[in-house]
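Colleague: the following comprises the amino acid sequence and a computationally predicted model.
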Amino acid sequence: MDDPIEIALRKKKDSSMRVAIQQVKDGAAQAAISAGNTGALMAIARYLLKTLDGIDRPAIAPQLPNRKGGATTVLDLGANVDCDAEDLLQFAVLGSALVSALTGNESPSVGLLNVGEEAIKGSETIKKASQLLRKAANSQDLNFYGNVEGNDIFKGTTDIVVCDGFVGNVTLKATEGVASMIVDFLRIEYSNGLFSKFAAIVSYPVLKALKRRLDHRRYNGAALLGLRGLVFKSHGSADEVAFGHALDRAYDAARNNLLDRVRARIAHAAPLLARQEPATPVDTAALHV
């Protein structure tokens, strides 16, 4: 976990991470899953599998629970700290393919994370990304909802929320922290005093359901989208329950032909994805998830 990315990529060619991804490249496996260093995983996966035509940067796409009872797919969650408008458009196409494959919804809605819903708000990058996403919606390549705010992720306002990796990773870590805090608070509150214990017995079904909804282990397993193979990232602190969910996500992706769906989406949106200028090089040292 502490190795520099360059060491993991160039020196450790027999590491389990590299062997697993090599098996995907060779066709011996349909997906690879790792709870190891995210930067190393992304670097090795990109080096061995390469990115799909039309995609400059792979993105990490986990799912976060929303109050509708489902989950909101958010990307990128840490693979790309600095993103331009074209990157965000590519993330939207990749996320749409993922949600379509896993849920059967052929037209999932896409929101662009911003400081407000109004089109005049946000950085120049966000404003340009909004224009590109609206253009994609007009050509029926995407179902673009518009700008969304952070609370819309948990409201379930859209099926997909697109953002850069810095904002996305902060959102993910904050979500996990708040969920753990709420669960711990409920456990402490209902463990002291006779009345509290009685209340706990009466409200146990509700508390159990709430704890299950807030259990971040259920949402473990994020796809590394944009590669010529299926790779999934598990949380580094995952226990057997969490890792089991990561296995389920990888299995569902392979069973539902996620890679073919991603290729089809990219092919349809190819004219929009073509860059007018070279993409900014990826700084592998900035991968911190």
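Modeller: Noted; the coordinates are in hand. Numbers count the residues shown, from 1 in each chain.
Colleague: check which residues of stretch 47-59 are buried.
Modeller: Leu48, Leu49, Thr51, Leu52, Gly54, Ile55, Asp56, Arg57, Pro58, Ala59 (16 or more other C-beta atoms under 10 Å). Quick note: C-beta positions are derived from backbone N, CA and C, even for glycine.
Colleague: so which of those are in strands?
Modeller: Ala59 (DSSP state E).
Colleague: with pLDDT as extra columns, can I get the buried residues of stretch 47-59 in CSV?
Modeller: Compiled in CSV, these are given as follows (pLDDT from 0 to 100):
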residue, pLDDT
Leu48, 96
Leu49, 97
Thr51, 94
Leu52, 93
Gly54, 88
Ile55, 92
Asp56, 90
Arg57, 89
Pro58, 92
Ala59, 94
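Colleague: can you name the two of the buried residues of stretch 47-59 that sit furthest apart?
Modeller: Across these, the longest distance by C-beta to C-beta is 19.3 Å; it joins Leu48 and Gly54.
Colleague: tell me how far Ile55 lies from Ile7.
Modeller: 27 Å (C-beta to C-beta, to the nearest Å).
Colleague: what stretches of the stretch 51-200 of the chain score poorly on pLDDT?
Modeller: Residues of the stretch 51-200 of the chain that meet the criterion pLDDT under 70 lie in 176-200.
Colleague: which residues in it form strands?
Modeller: 59-61, 63-65, 71-75, 109-113, 143-148, 160-162 (DSSP state E, counting those that start in this stretch).
Colleague: ok, now which ones touch the residue nearest the centre of the chain?
Modeller: Centroid-nearest residue in the chain: Ala61, 1.5 Å away (criterion: C-alpha atoms, centre = their mean). Applying C-beta atoms under 8 Å, 6 or more residues apart in numbering to Ala61 gives the contacts 73-77, 91, 94-95, 98, 222-225.
Colleague: over to Ala136?
Modeller: Leu89, Ala92, Val93, Leu142, Phe144, Ala269, Leu272.
Colleague: could I get those in a markdown table, plus columns for neighbour count?
Modeller: Supplementary listing: the contacts of Ala136 in a markdown table, determined by neighbours: other C-beta atoms under 10 Å:
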| residue | neighbour count |
| --- | --- |
| Leu89 | 27 |
| Ala92 | 30 |
| Val93 | 26 |
| Leu142 | 28 |
| Phe144 | 24 |
| Ala269 | 22 |
| Leu272 | 19 |
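Colleague: wait, what's in contact with Ser34?
Modeller: Counted by C-beta under 8 Å, 6+ apart, Ser34 has contacts Ser16, Met17, Ala20, Leu41, Val231, Phe232, Lys233, Ser234.
Colleague: which one of those is nearest Asp159?
Modeller: Nearest to Asp159 among the contacts of Ser34, with distances taken as C-beta to C-beta, is Phe232, at 19.4 Å.
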